[in-house]
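Peer 1: fold the following for me, if possible:
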Amino acid sequence: MGRGRAKAKQTKVARDLKYRTHETDFGALARELHGGAGSFDNTPDDSLDDDSDEWADAGPPGERD
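Peer 2: Residues are numbered from 1 along each chain as shown. Reported below is the predicted structural model:
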């Protein structure tokens, strides 16, 4: 018991997705997929250093203190 409300909501969402008309901006999608202007910045993140792994020198899990 109790599944009726969840199933009704899933059915409502599925119908909405199936029958609603979507205005898709294919130009924006193409720019995003092909790395156009305004896409991700390929500069390295300053927070990720080579020394960022604080557990790198800990050794295998069975050999800890």
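Peer 1: which parts of the protein are helices?
Peer 2: Ranges of helices in the chain, per DSSP state H, are 3-19, 26-34.
Peer 1: can those go into JSON lines with extra columns for distance to A58, mean pLDDT and mean neighbour count?
Peer 2: Glycine gets a C-beta too; all of them are placed from N, C-alpha and C. What follows is the helices of the chain, written out as JSON lines (distance: least, Cβ to Cβ, whole Å; pLDDT from 0 to 100; neighbours: other Cβ atoms under 10 Å):
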{"stretch": "helix 3-19", "distance to A58": "44", "mean pLDDT": "92", "mean neighbour count": "9"}
{"stretch": "helix 26-34", "distance to A58": "40", "mean pLDDT": "92", "mean neighbour count": "10"}
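Peer 1: of those, which is nearest E54?
Peer 2: Taking Cβ to Cβ, helix 26-34 is the member of these nearest to E54, at 35.0 Å.
Peer 1: quick one on the thing from earlier: would you mind giving the helices of the chain as TSV with distance to D57 added?
Peer 2: Below are the helices of the chain laid out as TSV (distance: least, Cβ to Cβ, whole Å):
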stretch	distance to D57
helix 3-19	49
helix 26-34	40
